[in-house]
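> fold the following and give me the result.
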Amino acid sequence: MPSTPASLTPAQALRLALALSLGAAVSLGITRFAYGLLLPPMRADLGWSYALAGGMNTANAAGYLLGALLTPALMRRFGAVRLLVGGAVAASLFMAASGFVVSAPALLLQRLLAGLASAWVFVSGGLLAARLGSAQPSRAGLLLGLYYGGTGFGITLSALLVPAVLQAAAGAPHGWAWAWWALALASVAATAVLAFAVRALPGEGAVAAAPTPAPAAGRPAWPIRRFGWALAGYALFGAGYIGYMTFVIALLREQGASPGDITLFYALLGVACVASARLWAGLLDRFRGGGPQALLNALLGVATLLPVLSPAWPVTLASGLMFGAVFLSVVASTTALVRHNLPAAQWAAGISAFTIVFALGQIVGPTVTGWISDGRGGLAGGLVASALALWAGALLAWRQRPA
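Have a look, this model is predicted:
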């Protein structure tokens, strides 16, 4: 059996990358983005304002930020594999807990804890995928793309699962709770496959489970001011994209979309998300400044505005496909910017800074979008604000020059 990631065969590396992608499916595709499908029935049943409904994803983003800040220390103590599997188990349990409570404070706490656990999963899984890619550089893009594409797998699974469960539970008290339980069961199944797969390759498991060493002393400071425009643009991306992912399903239901229409829309968004990893790879490889981030933010703004401009079904589908094909590549664009412009010793600090401003944007975005949606403009006004945030982020990123 292989003793290091470098000694894995191509088939073994591919299977491991696919298994790791289930971590991304649980941590983001299900734990965070499935809530958009559940927001309309929960809001109707519990009498929420849009501001409170958005606050649920604000709590989730706050938990994610806290979890991301704790992850390096936890990986040094427990190892990446243990944190990955343990975080996935915790995220599944916190989602199941959502079906047993109805008070807003309890649900806010659940969303925060689910965000905390999802950060452990996503960050540790990303580290394992990066190790896998660095050991097989000729296939690094494919292996990393498979991992991040797992978010799309989770979105598509949620799209197929949640509307069907909501229909089956129609008429039951708090029928949305059954959808949370179904999502939790799906996450448990994905976690079981993930845990089995990483242990089925004992060499890789041993390497990955080893404690992560502490950062070396004397490492050069990261020049944060040289990336100010890109950081500001990324914060606005976080605020804008999460507004769409939180409220677009509510807008479609308001416009009269059927459960089948919503399933198709969200499933296609997830499929486009899976494909996006390869779609923009050339752009990210060629440009060293903020141009890719600016272009992708601008496209997201267009995708966000399309369902506001027209409720026609082809326009709605175009919005979902464009959004899914772009939004994860904005995350990749910041990683590419760091890799192009900094020595390897500063990559971790650079990516951490972008992660923090992204989380801050996600904390602000859902509540602000919900507060605007409670006003005279309704959900359309909230999505217009999200599009404006994305376009403002594009303008700021455009000013970022190679460092």
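> quick one, longest helix in this structure?
Ranked by number of residues, the top helix in the chain under DSSP state H is helix 104-135.
> rounded mean pLDDT for that helix, please.
For helix 104-135, mean pLDDT rounds to 88.
> next: stretch 291-303.
When pLDDT is averaged along stretch 291-303, the result is 94.
> tell me the buried residues in that stretch?
291-303 (16 or more other Cβ atoms under 10 Å). Every C-beta, even on glycine, is put in place using the N, C-alpha and C of the backbone.
> swap in stretch 366-378?
366, 367, 368, 369, 370, 371, 372, 373, 374.
> quick check: buried residues in the longest helix of the chain?
Buried residues in helix 104-135 (16+ other Cβ under 10 Å): 107-133, 135.
> in the stretch 51-200 of the chain, where is pLDDT below threshold?
Scanning the stretch 51-200 of the chain with the threshold set as pLDDT under 70 gives 134, 138-141, 200.
> go again using 50 as the cut-off
Counting by pLDDT under 50, the stretch 51-200 of the chain contains no low-confidence residues.
> can you give me the helices in it?
80-97, 104-135, 140-168, 176-200 (DSSP state H, counting those that start in this stretch).
> ok, back up a step: format the buried residues of stretch 291-303 as TSV; extra columns: distance to residue 400 and secondary structure.
Output for the buried residues of stretch 291-303, formatted as TSV (distance: Cβ to Cβ, whole Å; DSSP: H, G, I helix; E, B strand; the rest coil):
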residue	distance to residue 400	secondary structure
291	8	helix
292	10	helix
293	7	helix
294	8	helix
295	12	helix
296	13	helix
297	12	helix
298	14	helix
299	17	helix
300	17	helix
301	17	helix
302	21	helix
303	22	helix
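> just name the closest of those residues to residue 384, please.
Lowest distance from residue 384 to those (Cβ to Cβ) belongs to residue 301, with 10.0 Å.
> show me what contacts the closest one?
240, 387, 388, 390, 391, 394 (Cβ atoms under 8 Å, 6 or more residues apart in numbering).
> so the fifth one makes contact with residue 295?
No - the criterion here is Cβ atoms under 8 Å, and residue 391 misses it with residue 295 at 11.7 Å.
> before we move on, the earlier item: any of the contacts of residue 301 buried? List them.
Buried among these by 16+ other Cβ under 10 Å: 240, 387, 390, 391, 394.
> I figured the third one was touching residue 298, is that so?
Yes - taking Cβ under 8 Å as the definition, residue 390 is a contact partner of residue 298 at 7.4 Å.
> all helices for the stretch 201-350 of the chain, in order.
Counting by DSSP H, counting those that start in this stretch, the helices of the stretch 201-350 of the chain are 202-209, 228-254, 259-279, 281-286, 291-309, 313-341, 347-373.
> can I get those in JSON lines with distance to residue 92?
Shown next, in JSON lines, are these (distance: least, Cβ to Cβ, whole Å):
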{"stretch": "helix 202-209", "distance to residue 92": "21"}
{"stretch": "helix 228-254", "distance to residue 92": "21"}
{"stretch": "helix 259-279", "distance to residue 92": "19"}
{"stretch": "helix 281-286", "distance to residue 92": "32"}
{"stretch": "helix 291-309", "distance to residue 92": "30"}
{"stretch": "helix 313-341", "distance to residue 92": "22"}
{"stretch": "helix 347-373", "distance to residue 92": "22"}
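> of the ones you listed, which approaches residue 33 most closely?
Closest among those, using Cβ to Cβ: helix 228-254, at 5.6 Å.
> what angle do helix 291-309 and the closest one make with each other?
Angle, helix 228-254 to helix 291-309, by axes from the mean of the first three to the mean of the last three Cα atoms, to 10 degrees: 20 degrees.
> just to revisit the earlier point, quick one: which of the helices of the stretch 51-200 of the chain is nearest residue 273?
Using Cβ to Cβ, the helices of the stretch 51-200 of the chain put helix 140-168 closest to residue 273, at 3.1 Å.
> what's the closest one packed up against?
Using 3 or more Cβ pairs under 8 Å, 6 or more residues apart in numbering; DSSP states H and E, the elements in contact with helix 140-168 are helix 10-24, helix 35-46, helix 104-135, helix 176-200, helix 259-279, helix 313-341.
> dump those helices into TSV; add distance to residue 156 as well.
Shown next, in TSV, are the helices and strands packed on helix 140-168 (distance: least, Cβ to Cβ, whole Å):
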stretch	distance to residue 156
helix 10-24	12
helix 35-46	12
helix 104-135	18
helix 176-200	11
helix 259-279	3
helix 313-341	10
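> residue 98 is nearest to which of the ones you listed?
helix 176-200 (4.2 Å).
> where does the prediction get shaky in the stretch 201-350 of the chain?
Ranges of the stretch 201-350 of the chain meeting pLDDT under 50: 201-218.
> packing partners for the longest helix of the chain?
helix 10-24, helix 50-78, helix 80-97, helix 140-168, helix 202-209.
> so who does residue 297 touch?
Here residue 297 is in contact with 233, 236, 237, 240, 330, 390, 391, 393, 394, 397 (Cβ under 8 Å, 6+ apart).
> what's the nearest residue to the last one if we skip its chain neighbours?
Think residue 397. Distances taken as Cβ to Cβ, 6 or more residues apart in numbering put residue 233 closest to residue 397, at 3.3 Å, once the chain neighbours are dropped.
> who touches the one you found in this structure?
Here residue 233 is in contact with 290, 293, 294, 297, 393, 394, 395, 396, 397, 398, 400 (Cβ under 8 Å, 6+ apart).
> reformat the residues you listed as TSV; add distance to residue 57.
Output for those, formatted as TSV (distance: Cβ to Cβ, whole Å):
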residue	distance to residue 57
290	27
293	23
294	25
297	20
393	18
394	23
395	25
396	23
397	23
398	28
400	28
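> nearest to residue 72 among the residues you listed?
When those are ranked by distance to residue 72 (Cβ to Cβ), residue 293 comes first, at 24.9 Å.
> so that closest one is in contact with residue 234, correct?
Yes - with contacts counted by Cβ under 8 Å, residue 293 reaches residue 234, the gap being 7.0 Å.
> now do the contacts for residue 90.
113, 117, 120.
> related to what we said a few turns ago, out of the helices and strands packed on helix 104-135, which is closest to residue 276?
Closest among these, using Cβ to Cβ: helix 140-168, at 7.6 Å.
> no further queries at this time; thank you.
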